[in-house]
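Student: After the sequence you'll find the predicted model.
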Amino acid sequence: MTQEKEITPEQKNGLLKGLIDKGLNTDNIMKSVVATSQQSYLTDIPGFDSLIPVHKLAVHKLADLKKFSGNSDDDYKSGKMEVHLDENLPEWDQAKNDLTPEELSVEENKNIVKALKTYVYGYSDKVKSYETVIHNHHFPLTVATYTAEDITVKSGTVLNVTGSSSVHDYGKVTVEAGGRINFETNAVWTVQEFISE
């Protein structure tokens, strides 16, 4: 069984810094311990109660989405991360930037989606030629965000992460023995301390 302990000042500072770096409002952090019941949800789907209130953030630029929820290109340049989304996509024909998805081939549309994922979660330099068409097809967009100081997934309960793609920032996440987190959507989690019992 979990012994409740507040997050440390260092963890709290890390959480606050991460939120500020992403341009999120630090007033939206749930400050109390949030604990799951039998079936709990982190979701923006209407009709479902979310364990933590969702906050929507409008994102207008691809570079901001990468900063907000992706992997830093500096991590690739420094060798801290290896390139893992190497789609080897062909250079994008700039003459097609203003065409709608309906005017492009199925393969071209698939490549735009692959380039978006590679740009955000991989080394963006590999897909720079796609920047304008990605903007034209996918922006602006809205991202669901969730923030809390402390979440506990109780033994025998499930925390379902569902709904829109989401970004999560937490001070501490504790998963008790027999508890689990079920991801049903794309989600980026930043956690200062993760405890799995």
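Tutor: That came in fine, so what should we check first?
Student: so where's the longest strand in the protein?
Tutor: strand 141-153 (DSSP state E).
Student: Going by neighbour count, which residues of that strand are buried?
Tutor: By 16 or more other Cβ atoms under 10 Å, the buried positions in strand 141-153 come out as 143-153. From N, CA and C alone the C-beta is placed, and that goes for glycine too.
Student: Report all helices and strands that it contacts.
Tutor: helix 9-21, strand 30-35, strand 55-59, helix 62-69, strand 166-175 (3 or more Cβ pairs under 8 Å, 6 or more residues apart in numbering; DSSP states H and E).
Student: TSV for the ones you listed, including mean pLDDT?
Tutor: Formatted as TSV, the helices and strands packed on strand 141-153 follow (pLDDT from 0 to 100):
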stretch	mean pLDDT
helix 9-21	70
strand 30-35	70
strand 55-59	86
helix 62-69	85
strand 166-175	91
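Student: Next secondary structure after the longest strand of the chain?
Tutor: Per DSSP states H and E, the first helix or strand lying C-terminal to strand 141-153 is strand 158-161.
Student: circling back to that earlier point, centre of the chain to the longest strand of the chain, how far?
Tutor: How far strand 141-153 lies from its chain's middle: 10 Å, per Cα atoms, centre = their mean, to the nearest Å.
Student: residues contacting residue 134?
Tutor: Residues in contact with residue 134 (Cβ atoms under 8 Å, 6 or more residues apart in numbering) are 62, 112, 115-116, 119.
Student: Send me the helix or strand where it lies as PDB with only the CA atoms.
Tutor: Element membership for residue 134, per DSSP H and E: helix 131-138. Output in PDB follows, covering the C-alpha atoms of helix 131-138 (Å, rounded to 0.1, in the frame of the first residue of the first chain):
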ATOM      1  CA  GLU A 131       6.800  21.900 -43.200                       C
ATOM      2  CA  THR A 132       4.600  24.100 -45.300                       C
ATOM      3  CA  VAL A 133       2.200  21.300 -46.500                       C
ATOM      4  CA  ILE A 134       2.000  20.000 -42.900                       C
ATOM      5  CA  HIS A 135       0.900  23.500 -41.800                       C
ATOM      6  CA  ASN A 136      -1.600  23.800 -44.600                       C
ATOM      7  CA  HIS A 137      -3.200  20.400 -43.800                       C
ATOM      8  CA  HIS A 138      -3.100  20.100 -40.000                       C
END
